[in-house]
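Undergrad: generate coordinates for the sequence data below:
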Amino acid sequence: MQRGNNVRRAAAVAGAGARAFAVVSVGCAVASVGCSDGRVRFGRARDAGPSVVVAERGSGGAPVVIERTPDDDALPGLALPGEARGALADAADVDAWPLAVATPLRVALRLAPAAGADLALELRAPDGALLATSDAAGPGAPEGIPAFALAAGEYRLVVRHGAGRPAPKSGRRRARADAAPPSAAARYTLEVAPAPSPGDAEEGEPNEALELARTLPLGGGVVGHIGWAGDRDAWRVLLAGAGDDVGLAVELDGVAELPLTMTLLDPMGTPLAVRSAAAGEAVALRNVALHADWEQVYVVVTSAPTRSSFVEHYQLRAAARRFALDSEEEPNDTPAIANPLTEVPLAEAGVRVGDSASSDVDHFVVPPAALARMMSFTLSGATEGATLSVVDAAGKVLGGPARVTGDGRKLALEGVPLAADAQHFVRVVGGGESEGRYRMTWALGTTPTTPVAPAAPAAPAVPEPPR
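TA: Below is the predicted model:
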């Protein structure tokens, strides 16, 4: 009876010349049910009756569907493009909006909560499997998924409370005894639209696998998003025309409140180097040695498992640059792949140049010697917090570490003893939030021997007394 009254009331409003509304009836109600395996299954609502909601046109002309009450279990399907307006009644309430996709496409989703409401958005597959989550913005801030590739099928757009108000672990949608309900319903607007086709310099989902990677041109740049929790973007760098005696440089601009990680992989997908930075900081990898038979390498951009930003994009660039004299060659993060300290046989002194960044570690192997030696270093140009030390093959510190106390300040590490016929490595660890280009000078010397004190003169013989 109540549903019939709603229909007649909506029709009367439309006939009276007020803003036009349409009555949408969905014969089979759909409700979300949580499962212990992490999936959400969808079935008929408790009353199994038709759901009647009021629909209108949004500001962009897309049809809008409105949840009748904050605890509706039967929600209608969304148009594409389309908009939904609803509310979560309490801490255990979850709204699951059906979305039918007739042909494969990329969709953009945006969830705008009311002021103070901390909500999360999930995209779930027809079988209930979680495809993508956005739950990083915080109270009152929008969540979204910028461009997700979908095959044909019926999906669910799930709106729930954010990390501060966890969704229920069982199929019950009412407040649990251990979940304090909010003082008022958390209202929201959910928008869905086809995502535009990406340009040549933009990422295109799906691109999480290397075989789906888009091209990052040498001497050029691209833009992309870490659009949902766990998003992974793969890029292919084609090396044709790079030239000889050049190193690869890859630079990733920072994104506010989003810690980024950049991984460089060889043509077979084996990681060569990994660089990470705190939220808002840039990531860089330079002087990467390229094999002559490599046709391509890969760069993968990720973030922390729960972090994403569907609004702000990152910028990624790649270039081939000639090695500077005495420059390091990446990767050299561990003693096993250390650069030689010098290319000159039997050299007693030399210079090495490298880049200093927050997550960068450089190793240089010291030429072995038959005799014990002493070694001294100076380091200039490195960023504040960078350290210089001498280690063995297992990474045990034998000398230092000496620490840079200010950007570009010079430090010295003197008199480090080196054992005979043993492997030693010089290690430079970047520090601070900025990047720097360091210059390390080194010199070998002989180990001083401990002087032997001269023997004391013998005491004169004392004649025996006469008997």
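Undergrad: can you pull the pLDDT of the residue nearest the centre of the chain?
TA: With distances taken as C-alpha atoms, centre = their mean, the chain has Ser303 as the residue nearest its mean C-alpha position (1.3 Å). Note for Ser303: predicted pLDDT of 95.
Undergrad: what about the strands in the stretch 101-250 of the chain?
TA: Secondary structure of the stretch 101-250 of the chain (DSSP state E, counting those that start in this stretch): strands at 105-113, 119-124, 130-134, 143-150, 153-161, 186-194, 214-215, 220-224, 233-238, 246-252.
Undergrad: which one of those lies closest to Leu264?
TA: strand 246-252 (6.5 Å; C-beta to C-beta). The way it works is simple: take the backbone N, C-alpha and C, and place the C-beta from them, glycine included.
Undergrad: thinking Ala318 is in contact with Gly220, fair?
TA: Yes. If you go by C-beta atoms under 8 Å, Ala318 and Gly220 touch, sitting 7.3 Å apart.
Undergrad: can you classify Trp97 by secondary structure?
TA: strand (DSSP: H, G, I helix; E, B strand; the rest coil).
Undergrad: how about the one 3 residues further on?
TA: When the structure is reduced to helix, strand and coil (three-state DSSP), Ala100 reads as strand.
Undergrad: can you pull the pLDDT of Ala91?
TA: Looking at Ala91, the pLDDT reads 84.
Undergrad: Gly415: neighbour count?
TA: Neighbour count for Gly415, taken as other C-beta atoms under 10 Å: 12.
Undergrad: also Leu119?
TA: When neighbours are defined as other C-beta under 10 Å, Leu119 has 27 of them.
Undergrad: and Glu312, by the same measure?
TA: 12.
Undergrad: and Asn339, by the same measure?
TA: If you count neighbours by other C-beta under 10 Å, Asn339 ends up with 22.
Undergrad: that one and Gly350 touch, don't they?
TA: No. At 11.9 Å, Asn339 does not count as touching Gly350 under the criterion of C-beta under 8 Å.
Undergrad: got the phi and psi for Lys336?
TA: Residue 336: Ala, not Lys. Torsion angles at Ala336 (phi, psi; degrees, to the nearest 10) stand at phi -70, psi -20.
Undergrad: contacts only, for it.
TA: By C-beta atoms under 8 Å, 6 or more residues apart in numbering, the contact set of Ala336 is empty.
Undergrad: rerun at 10 Å
TA: His363, Val365, Ala393, Phe425 (C-beta atoms under 10 Å, 6 or more residues apart in numbering).
Undergrad: can you list residues touching both of Asn339 and Gly350?
TA: Joint contacts of Asn339 and Gly350 (C-beta under 10 Å, 6+ apart) are Phe364.
Undergrad: the nearest residue to Trp97 once chain neighbours are set aside and Leu316, how far apart?
TA: Nearest-residue entry for Trp97: Leu157, 4.5 Å, with adjacent residues in sequence omitted and distances by C-beta to C-beta, 6 or more residues apart in numbering. According to C-beta to C-beta, to the nearest Å, Leu157 and Leu316 sit 30 Å apart.
Undergrad: of those two, who's got more company?
TA: Leu316 (25 against 22).
Undergrad: which SSE is that one in?
TA: strand 314-322 (DSSP states H and E).
Undergrad: direction included, what does that strand pair up with?
TA: strand 220-224 (antiparallel), strand 246-252 (antiparallel) (DSSP bridges).
Undergrad: mind listing what's buried along the shortest one?
TA: Just to be clear, that refers to strand 220-224. For strand 220-224, the neighbour count (16 or more other C-beta atoms under 10 Å) marks Val222, Gly224 as buried.
Undergrad: next one: stretch 334-351
TA: Those would be Pro335, Ala338, Asn339, Leu341, Thr342, Gly350, for stretch 334-351 by 16+ other C-beta under 10 Å.
Undergrad: domain assignment for the protein?
TA: Under the assignment automatic domain parsing, the domains of the chain span 26-173+184-194, 210-322, 335-446.
Undergrad: adding distance to Asp200, write those domains out as TSV.
TA: Shown next, in TSV, are those (distance: least, C-beta to C-beta, whole Å):
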stretch	distance to Asp200
domain 26-173+184-194	15
domain 210-322	8
domain 335-446	29
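Undergrad: which of the ones you listed comes out lowest on mean pLDDT?
TA: The bottom spot among the domains of the chain, by mean pLDDT, belongs to domain 26-173+184-194, with a mean of 76.
Undergrad: contact partners for the residue lying closest to Leu75 once chain neighbours are set aside?
TA: Spatial nearest neighbour of Leu75, chain neighbours left out: Trp97 (5.3 Å); criterion: C-beta to C-beta, 6+ apart. Each residue near Trp97 by C-beta under 10 Å, 6+ apart is listed here: 30, 32, 65, 67, 75-78, 82, 84, 86, 155-159, 190, 192.
Undergrad: same deal with His225?
TA: His225 touches 144-147, 202-203, 205, 231, 233, 255, 258, 301, 308-314, counting by C-beta under 10 Å, 6+ apart.
Undergrad: could you do Tyr438 as well?
TA: Neighbours of Tyr438 in contact, by C-beta under 10 Å, 6+ apart: 328, 352-356, 362, 379-383, 386, 388, 404, 408, 428, 430.
Undergrad: rerun at 7 Å
TA: Each residue near Tyr438 by C-beta atoms under 7 Å, 6 or more residues apart in numbering is listed here: Gly354, Ser356, Leu379, Ser380, Gly381, Ala382, Val428.
Undergrad: go through the protein and flag its longest strand.
TA: strand 436-446 (DSSP state E).
Undergrad: where do the helices of the protein begin and end?
TA: Listed in chain order, the helices of the chain (DSSP state H) span 2-15.
Undergrad: next, count neighbours for Leu272.
TA: 18.
Undergrad: I meant Ala420, not that one.
TA: Neighbour count for Ala420, taken as other C-beta under 10 Å: 11.
Undergrad: need the nearest residue in space to Ala132, chain neighbours excluded.
TA: Ala132 sits nearest to Trp228 (C-beta to C-beta, 6+ apart), 3.9 Å away.
Undergrad: that neighbour is in contact with Ser134, isn't it?
TA: Yes. Counting by C-beta atoms under 7 Å, Trp228 touches Ser134, with 5.2 Å between them.
Undergrad: now list whatever residues contact both of these two.
TA: Ile145, Ser308.
Undergrad: rewinding a little: tell me the angle the strand holding Leu316 makes with strand 233-238.
TA: Per axes from the mean of the first three to the mean of the last three C-alpha atoms, to 10 degrees, the angle that strand 314-322 makes with strand 233-238 is 20 degrees.
Undergrad: mind listing what's buried along strand 314-322?
TA: For strand 314-322, by 16+ other C-beta under 10 Å, it's Tyr314, Leu316, Arg317, Ala318, Ala319, Ala320.
Undergrad: could I get these as JSON lines with distance to Ala163?
TA: Shown next, in JSON lines, are these (distance: C-beta to C-beta, whole Å):
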{"residue": "Tyr314", "distance to Ala163": "23"}
{"residue": "Leu316", "distance to Ala163": "29"}
{"residue": "Arg317", "distance to Ala163": "34"}
{"residue": "Ala318", "distance to Ala163": "36"}
{"residue": "Ala319", "distance to Ala163": "40"}
{"residue": "Ala320", "distance to Ala163": "43"}
